[in-house]
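1. Mind looking at a prediction? Sequence and model below.
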Amino acid sequence: EPEVTQTPSHQVTQMGQEVILRCVPISNHLYFYWYRQILGQKVEFLVSFYNNEISEKSEIFDDQFSVERPDGSNFTLKIRSTKLEDSAMYFCASSEYPTNEKLFFGSGTQLSVL
Amino acid sequence: AQTVTQSQPEMSVQEAETVTLSCTYDTSESDYYLFWYKQPPSRQMILVIRQEAYKQQNATENRFSVNFQKAAKSFSLKISDSQLGDAAMYFCAYRSPLYGTYKYIFGTGTRLKVLA
């Protein structure tokens, strides 16, 4: 079965630094998402992306966050100036349709902000 | 706003036995979608089963079935004939059908241990 791939699997950064998390969604999928999971807490929605623009975002997704699909295959999440509270597992997901279609998740990037 | 609650942080089941994982949710919508996702130790979440709220019949996928109680806003997952490979974190999730709504709302998860 096709998979969503995420790189890196672990990222350690200093507070205030910029990080870019990368994802390669499934090739025929049109809808892309980022979720995050702080240890022991819920999986939280960050943003959805369709047709080269943000279709929905949560209150977590403030000006420090941005997403981009730079080359038609990659989907990136950028955090401009990381905070300690950004430490979490970040999951990329994609789907062919936005309705009740299932999400395909990547294995996640564990971001640690020191 | 919709919420999803999983009150069992951890459950254990003997191999070949049956286990039920609980999920409750809160919404004012009359139609919606509910899901159970499994996150094995490799951490890639995969869909186990889904239920459309307008369907009265409970969804079933092989050894996995749900007990959907719309009035009670309850959506439990039953795993029959548990196998070692069922050990994982299980997340209950809600999705609104409203146009322009894309997010899934997840619970905190239940870690299932399967004992040999």
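-> Yep, it's here. Numbers count the residues shown, from 1 in each chain, chains lettered A, B, ... in the order given.

2. Could you give the bridge partners of residue B:94?
-> With DSSP bridges applied, residue B:94 shows beta-bridge pairing to residue B:34, residue B:105.

3. is it true that it touches residue B:2?
-> Yes - under the criterion of Cβ atoms under 8 Å, residue B:94 is in contact with residue B:2, at a separation of 5.4 Å. C-beta here means a position set from N, CA and C on the backbone, and glycine is covered the same way.

4. Can you work out which residues contact both of the two?
-> Contact criterion Cβ atoms under 8 Å, 6 or more residues apart in numbering or on different chains; residues bridging residue B:94 and residue B:2 by contacting each: B:25, B:27, B:32, B:105.

5. Could you check how far the second one is from chain A?
-> So that's residue B:27. Using Cβ to the nearest Cβ, to the nearest Å, residue B:27 is found at 15 Å from chain A.

6. hang on, the earlier thing: who's more crowded, residue B:94 and residue B:2?
-> Higher neighbour count among residue B:94 and residue B:2: residue B:94, with 24 against 15, using other Cβ atoms under 10 Å in any protein chain shown.

7. Report the contact partners of the residue nearest the centre of chain B.
-> Most central in chain B under Cα atoms, centre = their mean is residue B:36, positioned 3.1 Å from the mean C-alpha point. If a contact means Cβ under 8 Å, 6+ apart, then residue B:36 has B:21, B:23, B:47-50, B:64, B:66, B:75, B:77, B:90-93 as its contacts.

8. SS state for it?
-> Reducing the assignment at residue B:36 to three states with DSSP: H, G, I helix; E, B strand; the rest coil gives strand.

9. can you tell me if stretch B:49-56 touches chain A.
-> Yes - contact of stretch B:49-56 with chain A (Cβ under 8 Å from any Cβ of the partner chain) involves B:50, B:52.

10. where does the chain have low pLDDT?
-> Just going to use chain A. A:99-100 (pLDDT under 70).

11. In this structure residue B:64 contacts residue B:77, no?
-> Yes - counting by Cβ under 8 Å, residue B:64 does reach residue B:77; the two are 6.6 Å apart.

12. Neighbour count: these two, which is higher?
-> A count of neighbours by other Cβ under 10 Å puts residue B:77 above the other of residue B:64 and residue B:77, at 22 against 16.

13. Am I right that residue A:85 is in a helix?
-> Yes - counting by three-state DSSP, one finds residue A:85 located in a helix.

14. how near is the residue nearest to the centre of chain B to residue B:44?
-> Summarising the geometry, the distance separating residue B:36 from residue B:44, computed by Cβ to Cβ, to the nearest Å, is 15 Å.

15. same question, residue B:92
-> Here residue B:92 is placed at a distance of 18 Å from residue B:44 (Cβ to Cβ).

16. just checking, residue A:54 touches residue A:46?
-> No - checked against Cβ under 8 Å, the pair residue A:54 and residue A:46 is beyond contact range at 10.2 Å.
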